[in-house]
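Chemist: curious how this folds, go ahead:
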Amino acid sequence: MGTGVCLGAEALTRTVALPQLVPFAIGLLLRRYTTPTAMSGNGIV
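Modeler: Next up is the predicted model:
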């Protein structure tokens, strides 16, 4: 089990960091654009 699998440090870092950074970036974008929308009122109370 697990024989023949060899990841270098760079590849391992990419496979760990990318799945964590993508949702983080999406969260930042949503936070940036939803606050002004919520503050605009839209006539909904």
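Chemist: distance of residue 40 relative to residue 34?
Modeler: Distance, residue 40 to residue 34, using Cβ to Cβ, to the nearest Å: 11 Å. All C-beta atoms are positioned from the backbone trio N, CA, C, and that covers glycine.
Chemist: same thing with residue 26?
Modeler: Separation of residue 26 from residue 34 (Cβ to Cβ): 12 Å.
Chemist: show me the helices in the protein, by range?
Modeler: With helices called from DSSP state H, the chain shows them at 9-39.
Chemist: tell me where it is predicted with low confidence.
Modeler: 1-3, 5, 38-39, 41-45 (pLDDT under 70).
Chemist: geometric centre of it: which residue is closest?
Modeler: residue 23 (1.8 Å; Cα atoms, centre = their mean).
Chemist: contacting residues for that residue?
Modeler: Shown in contact with residue 23 (Cβ atoms under 8 Å, 6 or more residues apart in numbering): no residues.
Chemist: burial check on residue 13, number of neighbours?
Modeler: By the criterion of other Cβ atoms under 10 Å, residue 13 has 11 neighbours.
Chemist: one more: residue 15?
Modeler: Residue 15 has 10 neighbours, counted by other Cβ under 10 Å.
Chemist: gap between it and residue 40?
Modeler: Applying Cβ to Cβ, the value for residue 15 to residue 40 is 40 Å.
Chemist: please apply the same query to residue 32.
Modeler: On the measure of Cβ to Cβ, residue 32 and residue 40 end up 14 Å apart.
Chemist: do residue 33 as well
Modeler: Residue 33 sits 11 Å away from residue 40, going by Cβ to Cβ.
Chemist: what of residue 30?
Modeler: According to Cβ to Cβ, residue 30 and residue 40 sit 16 Å apart.
Chemist: ditto for residue 16
Modeler: The value you get for residue 16 to residue 40, if Cβ to Cβ is used, is 39 Å.
Chemist: before we move on, what about residue 18?
Modeler: Distance from residue 18 to residue 40, counting by Cβ to Cβ: 34 Å.
Chemist: for residue 27, same thing?
Modeler: 21 Å.
Chemist: what's the answer for residue 12, then?
Modeler: Distance of residue 12 to residue 40, given as Cβ to Cβ: 44 Å.
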